[in-house]
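**Q** here's my sequence, what's the structure:
(chains A, B, C and D, ligands or ions: 6)
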Number of protein chains: 4
Amino acid sequence: MAKKQQVQDAKGKLGILIPGLGAVATTVIAGVEAVKKGLSQPTGSLTQTGSIRLGKRTENRSPKIKDFVPLADLNDIVFGGWDVYEDNVYEAARKAGVLDPYLLKAIQPELEALVPMTAAFDKNFVKNLDGTHVKEYDTKYNLALAVMDDIKNFKAQHNCDRIVLVWCGSTEIFHEAADIHDTLAKFEQALKDNDSRIAPSMIYAYAALKLGVPFCNGAPNLTCDIPALVQLAKETHTPIGGKDFKTGQTLMKTILAPGLHARALGVQGWFSTNILGNRDGWVLDDPDNFKTKEVSKLGVLEDIFRPDLNPELYGDLYHKIRINYYPPRGDNKESWDNIDIFGWMGYPMQIKINFLCRDSILAAPIVLDLALFIDLAKRAGMEGVQEWLSFYFKSPQTAPGLRPEHDIFKQLIKLENTLRYMMGEDLITHLGLDYYEEGEA
Amino acid sequence: MAKKQQVQDAKGKLGILIPGLGAVATTVIAGVEAVKKGLSQPTGSLTQTGSIRLGKRTENRSPKIKDFVPLADLNDIVFGGWDVYEDNVYEAARKAGVLDPYLLKAIQPELEALVPMTAAFDKNFVKNLDGTHVKEYDTKYNLALAVMDDIKNFKAQHNCDRIVLVWCGSTEIFHEAADIHDTLAKFEQALKDNDSRIAPSMIYAYAALKLGVPFCNGAPNLTCDIPALVQLAKETHTPIGGKDFKTGQTLMKTILAPGLHARALGVQGWFSTNILGNRDGWVLDDPDNFKTKEVSKLGVLEDIFRPDLNPELYGDLYHKIRINYYPPRGDNKESWDNIDIFGWMGYPMQIKINFLCRDSILAAPIVLDLALFIDLAKRAGMEGVQEWLSFYFKSPQTAPGLRPEHDIFKQLIKLENTLRYMMGEDLITHLGLDYYEEGEA
Amino acid sequence: MAKKQQVQDAKGKLGILIPGLGAVATTVIAGVEAVKKGLSQPTGSLTQTGSIRLGKRTENRSPKIKDFVPLADLNDIVFGGWDVYEDNVYEAARKAGVLDPYLLKAIQPELEALVPMTAAFDKNFVKNLDGTHVKEYDTKYNLALAVMDDIKNFKAQHNCDRIVLVWCGSTEIFHEAADIHDTLAKFEQALKDNDSRIAPSMIYAYAALKLGVPFCNGAPNLTCDIPALVQLAKETHTPIGGKDFKTGQTLMKTILAPGLHARALGVQGWFSTNILGNRDGWVLDDPDNFKTKEVSKLGVLEDIFRPDLNPELYGDLYHKIRINYYPPRGDNKESWDNIDIFGWMGYPMQIKINFLCRDSILAAPIVLDLALFIDLAKRAGMEGVQEWLSFYFKSPQTAPGLRPEHDIFKQLIKLENTLRYMMGEDLITHLGLDYYEEGEA
Amino acid sequence: MAKKQQVQDAKGKLGILIPGLGAVATTVIAGVEAVKKGLSQPTGSLTQTGSIRLGKRTENRSPKIKDFVPLADLNDIVFGGWDVYEDNVYEAARKAGVLDPYLLKAIQPELEALVPMTAAFDKNFVKNLDGTHVKEYDTKYNLALAVMDDIKNFKAQHNCDRIVLVWCGSTEIFHEAADIHDTLAKFEQALKDNDSRIAPSMIYAYAALKLGVPFCNGAPNLTCDIPALVQLAKETHTPIGGKDFKTGQTLMKTILAPGLHARALGVQGWFSTNILGNRDGWVLDDPDNFKTKEVSKLGVLEDIFRPDLNPELYGDLYHKIRINYYPPRGDNKESWDNIDIFGWMGYPMQIKINFLCRDSILAAPIVLDLALFIDLAKRAGMEGVQEWLSFYFKSPQTAPGLRPEHDIFKQLIKLENTLRYMMGEDLITHLGLDYYEEGEA
Ligand SMILES: NC(=O)c1ccc[n+]([C@@H]2O[C@H](COP(=O)([O-])OP(=O)(O)OC[C@H]3O[C@@H](n4cnc5c(N)ncnc54)[C@H](O)[C@@H]3O)[C@@H](O)[C@H]2O)c1
Ligand SMILES: NC(=O)c1ccc[n+]([C@@H]2O[C@H](COP(=O)([O-])OP(=O)(O)OC[C@H]3O[C@@H](n4cnc5c(N)ncnc54)[C@H](O)[C@@H]3O)[C@@H](O)[C@H]2O)c1
Ligand SMILES: NC(=O)c1ccc[n+]([C@@H]2O[C@H](COP(=O)([O-])OP(=O)(O)OC[C@H]3O[C@@H](n4cnc5c(N)ncnc54)[C@H](O)[C@@H]3O)[C@@H](O)[C@H]2O)c1
Ligand SMILES: NC(=O)c1ccc[n+]([C@@H]2O[C@H](COP(=O)([O-])OP(=O)(O)OC[C@H]3O[C@@H](n4cnc5c(N)ncnc54)[C@H](O)[C@@H]3O)[C@@H](O)[C@H]2O)c1
Ligand code: NA
Ligand code: NA
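**A** Ligands and ions are numbered 1, 2, ... in the order given. Below you'll find the model as predicted:
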């Protein structure tokens, strides 16, 4: 039995602050409120419904995760957030059109009480938005200070013991890390210089980390994924996680691709397309914003298939991704994948996947799990990049020079073994030869 | 670093003997001959194209499996087999219609030289077959002795160092283990009594194990999966593996289901149907034979979803499987799955998978891998049930009382960690916290 | 301009009486009530929303059908019916689960007022039903008289000018016409003899026709599709129509098959399967009842493709139909078709259709249209089989010896040209050479 | 019985000249050669395999079309053509990768003899092509004269009685008709002025029509679809037809949409996407060329659904079309359609179509049929736009001010009734009331 780590208890209130109170954010908030009232179930949330096997198969020990590690209780959660539109969470949830109006009605008072704080925003990063509920500012540095004030005020006002931030804002346009993102010093200078390469999401991340508040990034934009902010996270002993919630089509991809790879089946082409008609789809209809998403989505196959190691199987893989804004569907995204594989003697076969999914329904429990796990990480004394949370991201952030792991099953083992390790349980290897050798004894 | 096991080298010739020289068997044989001649690639075979990661991610050690463990070389393989029809392997491959006639032409002499031995057969177990190339016999015991003679003669004639058997015969009708299958003594008495509950496949298994020849079962019928033959396997220190090659729709199921479970997504229904028009499809058009297959296919979800642990997610799962004989397609099976899942707040979503597969193309490399791995097991001194080969089976045989593992990713880890263990390499846990702690040091 | 037929006006109330107040019937009734209240639209009903082109393309005359021929107004319709269960239409609609509870709530009083009359029933014809709200009877002849009384009482009580019947009862088991179905005299004798080959649906049909009340059959069972009842229909100058509402998968088939035939594309196989979980699906889970449906569904391709005329294209067509009872979906049937076609030089191609349909939503407007059109036919002095209503049926009833027309587009032209003919408008041939010759003049 | 038209016999040889000897052209040529040699069947060609019903259903008269109207015999056809690449038809067919190499081998001599004439080309119209097998020219007028010489020489050299041209060249970039396309006089002046708005395809069309040679346009570009060339066609009494062969996804659309419309089902959205990897796909990867195709494909729904007449059903239809260049598939295009429909009470349903088609296999028989029918039209004394050939086109050319007909079933009736009219047979209206009235007499 390994040595148990030191993990502080989850006592007091946990404030979950969300920049971007759109479809995803309102769905997780409404859901948690509905669960608190006994109206519904938090399906899809590992922290709430998942169990974890401990010890040998024959021990039959599989507690719920929330009974195994000390997580914040749903009743101790307080939500808040920022948006460029001034709709309260009830109104925003109605407009998002994800949850049934009758369900929302039942928690209307709780949701109406949640009014967004004014946003740290810059239209250059999201051209298709025109909200005006934004902070005025002279320098981005002062803008960051204002966000810090928001966080501190919220904490005091709601009597929170701890705070975490999860970015659920719109996808910002594509840009690559520049030298100003290299060190904390350069970054802070750039904030003061009002540098155009500092995205709004970075302002929130900086503000949080400066205060030692854990930060997760649910969108594909560069945010805490720059050396400057990793440095800051370490300095303030704060855990960070990102980026881009893994839902829908990419979720399926990182489930299926490991399976094809497991069986040494070759892949000649993978075509992914989808239709969606929500605000996220509208933002992504702009090519600059789509680029950010595309880069995030394209990466996953490379790591799983390793064409460098398996050139005869994956060396010629043609990977194409399309997103189509299609209003008739609203938030009910639908995706199609066509995978051209080949097997024994090179014979071609085809796999087609059609997923009638609901984007925000898949993303909401991820927000909750990330908030709870990153809060746990903080209490366990972990800091900087939390690779064990890769499970939740399309583009997992890793230590510099370390390949990200995209295979969802390896990600899950990593997550589970991290929890086992925290709690001093044996890691699981699935070797299991002992079942057979014991029989012999 | 763990202690390296004692594994004998793979020197000399390996005879692979196959009861049932139909579509699957002729496809693997023709394929290996084509590969030997440099005409094609053994895609889909883990032993031939797969690699295995060793040590830490940053070590970048990922040798090919065949360079890591001592496997028989393709050039040292000799094939043989039995069938109830007298077609040689060239003719049988042409009739099966799996491989391109032009490819078969290029290896015609090699295939024509492979003439089946007369089968140990009993029409009560496969009503839709009418072959006459079968052994006459008085008692099943003497029939088993005749099969042993076949094995010994083949070994001598082809100067083989070692032999393995892989059952690729038709699916036999459904029956459950009776008392005569309980102990070796009862089983041998029943052989002498010509008991109707001893299936032809059991005759082959008994003959092989008696001679210490490893045996794998690629069909869903009861064969070596009875206490009597497990006992015999241990007595003669012989490894066994089964049952039912995991291909096509079930392969996809054991890839996808772990993914849904990983994300705590609920499943309300899973409907699987397919069309196929080959001889296997024709045999399965008989309800008694279909029953055997259906039982094998239905089991996989139960183990992966564990409705006992997750009743709110999987307690109401309605699982339905249909197979439709449809001649226009021949061996080019096509399958459809519809999965009714639900997520956050119980919202329903649907996943549809359409697989244009080729049954025998997927099964052929499994035959090769099993033959090579079970031969390895024998040389490594392993005996009885080889659970680490679960990766290849729809209904993995396990130690009595032990739940089978159906999750293909856990099966793969089990297989890989077994190989690592054999060779004295560290097992992999995917914990990886050290990458981050090292950075700190 | 052709001579206008004599058609009586649609004045007074029209009673629509429905044997079988299940999913389809309650959906049409609730829908009509919702439309009357301005709550919804009668989409899918040709009589309510369809238009018809008159004259040349350049005349731009396309009145709504209901403005062109004299149909009963929705406000003049009164519904009634029979069922073996005693639920009123509100309760039955709730159980059927087709329409939204909130919509039903809005018309609850109207629906609750509709209480079924006791049914003419015989459990031998539908084994999976166990309702007890049925008429006691000594002979089937007297049972028919009781149904006639029901019709007469309903007409008087609701002050109806005219009555029509549309069978929406469960599918009865398969049986073929016997000699007792040959002539009216034999049939009436068999009624008195309580002959087991007289199905409940025939009792209703006989009762209606005897009273000169038009009758349509929405199920695939033999009902008015026997010589005895055709004879009765002519004697009482009453129009009849049947059988089996054309919805879902068969609807798609009779849309697509004419298209393939139009282009001389060959068809090698057509596989159709579906899942549904409503009461209809439960009844069809019994093989005897499924047989009736299967025969009805299998017929359509034969007529459209005419393998007798096109043996090289359709001579080898393998047509397979499966229905799978699958509770998770309720009334939301889903179907899959796979069509193996071939083109130029025999090259194979595949068409796959996946239809997420709603059975009763597609059937409901058919009930309405049939009721209104057969009432029109009666007022136009038409009697016996109404082939022009083939458009609505899977197995259109025709004059003896006449091939049914299954091509939905020819059926539509037949329907439209019948209406044009009734009203003295030119029939449309789509020749249109005059547009080009005029230009010349 | 109507009066039979005067149609000249099809004696002597028919030369079919094709600008653009790519995938489609080589597939039709190779196919016709294979059929002549008895190696294969002209499936998909209405002229070769289709039959036509004459008279009443009970007459059972359904001759083959080629036995009903006087068409050129396949043995009397001589092929020729132009291309910007110098590959002979055998080489071009091999590169196109549509037909099996073994089939092509069997007709290699015939195909190798077919060497393209130098093309009339202008790279501004197709940026992705770089062929150099092109005519030098000073003015486009002289270029047209050179093409006329090609035609005359071919006719003389191969001793042809008649010639037709079918454009199978690449899709040219999008441009709209300008004033120079308004009258023949302006057009001829522009030819002499070397106007950049005259596309290469127009040069061929002008050359053909000037010589009284019928011309069809298989691509979506403006070609003979301008007033100037319609005028020329009438002056030289020459029939013309266009534009854009109706295959694959659009074919399915004009089959399915009439079916939805027939049943008054509403349509909220129609999303069409496809993948293809041939040279046509590569040309269409250029947005300017895609635009031409998109316009052609988008038009069909408007005409069929008539949102002007049915605003409540089709007023909000969102129609989106995507084409994706995806090399793994070559000519084996695959398409997906998702159709969001709604029925009774506005309830939504979805239809999904997945078509594994082969573009050139579908297009080849259209080339043949068009060539034979337009030659027939010429012999029947028909001139100018041949609307009865709409059946074959995505964007049928019509008389000015006349809505095109896109419903494939109305197009087929138009085609068939035109043939019946030519031969003096009764037009068919599908009224058929006489079958029932006769019975009465
Ligand atoms: N739903 C999913 O499945 C999924 C998956 C992966 C990633 N994501 C990402 O999550 C994010 C949220 O998705 P969504 O569907 O809720 O989108 P949404 O458009 O409904 O919500 C985003 C909200 O962010 C607000 N916003 C934008 N910039 C802001 C700023 N600087 N400060 C404060 N608010 C700001 C917008 O006004 C909007 O209300 C997007 O970036 C999306 O790409 C979503
Ligand atoms: N192809 C796959 O994907 C797949 C997957 C899982 C399991 N399987 C199983 O593998 C087996 C082989 O499949 P296939 O497609 O080659 O079938 P097949 O019908 O082509 O071949 C089976 C052969 O076994 C022979 N046979 C039957 N009983 C025999 C006996 N007692 N002794 C000797 N020969 C006998 C038959 O004559 C036949 O030639 C079947 O049981 C099938 O269910 C196949
Ligand atoms: N929904 C469709 O798309 C569709 C299409 C074609 C045909 N149909 C046919 O229409 C019929 C109705 O379908 P449904 O979905 O409403 O089924 P349902 O099972 O919901 O309703 C049928 C009702 O008929 C009643 N019934 C049975 N026998 C009766 C009798 N002798 N007298 C009075 N009532 C009787 C049953 O109790 C039941 O309530 C079925 O036969 C079905 O096959 C339906
Ligand atoms: N295949 C189908 O299903 C289909 C359907 C509708 C329309 N089309 C159209 O038919 C045309 C041919 O399709 P394809 O698949 O054969 O394409 P392709 O690219 O294989 O062939 C087109 C050929 O035209 C040649 N060409 C281009 N401009 C020319 C010119 N000015 N003179 C002479 N040759 C010229 C090119 O070099 C090429 O060889 C395309 O315009 C395509 O859009 C095809
Ligand atoms: Na797309
Ligand atoms: Na099925």
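**Q** quick one: is stretch A:119-132 near ligand 1?
**A** Yes: counting by Cβ under 6 Å from any ligand atom, ligand 1 is contacted by stretch A:119-132 at A:A119, A:A120, A:F121, A:V126, A:L129, A:G131. Backbone N, C-alpha and C define where each C-beta goes, glycine included.
**Q** can you pull the contacts of the fourth one?
**A** Listed by Cβ atoms under 8 Å, 6 or more residues apart in numbering or on different chains, the contact partners of A:V126 are A:S170, A:T171, A:E172, A:I173, A:V283, A:N289.
**Q** state the distance from it to ligand 5.
**A** In this view, A:V126 and ligand 5 are 23 Å apart by Cβ to the ion, to the nearest Å.
**Q** kindly report the same for the first one.
**A** For A:A119, the distance to ligand 5 under the criterion Cβ to the ion works out to 33 Å.
**Q** my read: that residue touches A:P19, true?
**A** Yes: taking Cβ atoms under 8 Å as the definition, A:A119 is a contact partner of A:P19 at 7.1 Å.
**Q** one step back: could you dump the residues of stretch A:119-132 next to ligand 1 into a markdown table with secondary structure and pLDDT added?
**A** Below are these laid out as a markdown table (DSSP: H, G, I helix; E, B strand; the rest coil; pLDDT from 0 to 100):
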| residue | secondary structure | pLDDT |
| --- | --- | --- |
| A:A119 | strand | 98 |
| A:A120 | coil | 98 |
| A:F121 | coil | 97 |
| A:V126 | coil | 93 |
| A:L129 | coil | 91 |
| A:G131 | coil | 90 |
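**Q** pull the most distant pair out of these.
**A** Maximum pairwise distance in those, criterion Cβ to Cβ, is 13.4 Å, between A:A120 and A:L129.
**Q** who's more crowded, those two?
**A** A:A120 (25 against 17; other Cβ atoms under 10 Å in any protein chain shown).
**Q** got a pLDDT number for the residue nearest to that one when sequence neighbours are not counted?
**A** Spatially, and ignoring its direct neighbours in sequence, A:A120 is nearest to A:I203 (4.6 Å; Cβ to Cβ, 6 or more residues apart in numbering or on different chains). Looking at A:I203, its pLDDT reads 98.
**Q** can you report how many residues neighbour A:I203?
**A** Using other Cβ under 10 Å, A:I203 has 27 other residues around it.
**Q** and whichever helix or strand it is part of, what does it pack against?
**A** Element membership for A:I203 (DSSP states H and E) is helix A:200-210. Identification of packing neighbours for helix A:200-210 by 3 or more Cβ pairs under 8 Å, 6 or more residues apart in numbering or on different chains; DSSP states H and E yields strand A:13-19, helix A:140-157, strand A:160-167, helix A:184-192, strand A:215-217, helix A:227-235.
**Q** ok, and what's touching it?
**A** A:19, A:82, A:119-122, A:125, A:140, A:143-145, A:147-148, A:151, A:163, A:165, A:167, A:169, A:172, A:187, A:191, A:214-215, A:217, A:219, A:221-224, A:226, A:229, A:232-233, A:236, A:238, A:240.
**Q** and chain A, which of its residues are near chain C?
**A** Among all residues of chain A, those adjacent to chain C (criterion: Cβ under 8 Å from any Cβ of the partner chain) are A:Y102, A:N354.
**Q** which helix is the longest one in chain A?
**A** helix A:359-379 (DSSP state H).
**Q** okay, the angle between that one and strand A:13-19?
**A** 130 degrees (axes from the mean of the first three to the mean of the last three Cα atoms, to 10 degrees).
**Q** walk me through which strands the helix or strand just after helix A:359-379 pairs with, and which way each runs.
**A** Counting by DSSP H and E, the element after helix A:359-379 in chain order, helix or strand, is strand A:384-385. Paired with strand A:384-385 in the same sheet, following DSSP bridges, are strand A:239-242 (parallel).
**Q** surely A:S272 meets A:I321?
**A** Yes: using Cβ under 8 Å, A:S272 is in contact with A:I321, at 4.8 Å.
**Q** tell me how far A:N274 lies from C:V126.
**A** Distance from A:N274 to C:V126, counting by Cβ to Cβ, to the nearest Å: 44 Å.
**Q** same question for A:W167.
**A** A:W167 is 59 Å from C:V126, by Cβ to Cβ.
**Q** show me what residue of the stretch 101-250 of chain A gets nearest to ligand 6.
**A** A:Q249 (27.0 Å; Cβ to the ion).
**Q** what number of residues lie near that residue?
**A** 24.
**Q** what about chain A, any weak spots by pLDDT?
**A** Applying pLDDT under 70 to chain A flags the ranges A:1-3, A:435-441.
**Q** which parts of chain A sit against ligand 5?
**A** Counting by Cβ under 5 Å from the ion, chain A comes close to ligand 5 at A:T273, A:R322.
**Q** quick one, strands of chain A?
**A** Ranges of strands in chain A, per DSSP state E, are A:13-19, A:77-83, A:117-118, A:160-167, A:215-217, A:239-242, A:266-276, A:318-325, A:334-342, A:348-356, A:384-385.
**Q** partners of the third one in the sheet?
**A** Based on DSSP bridges, the pairing partners of strand A:117-118 within the sheet are strand A:77-83 (parallel).
**Q** now the angle from the partner strand to strand A:160-167?
**A** If you take the same axes, to 10 degrees, strand A:77-83 sits at 40 degrees to strand A:160-167.
**Q** list the contacts of strand A:77-83.
**A** With Cβ under 8 Å, 6+ apart, strand A:77-83 has contacts from A:13-22, A:25, A:29, A:32, A:89, A:92, A:114, A:116-120, A:131, A:133, A:147, A:150, A:154, A:158, A:160, A:168, A:204, A:371.
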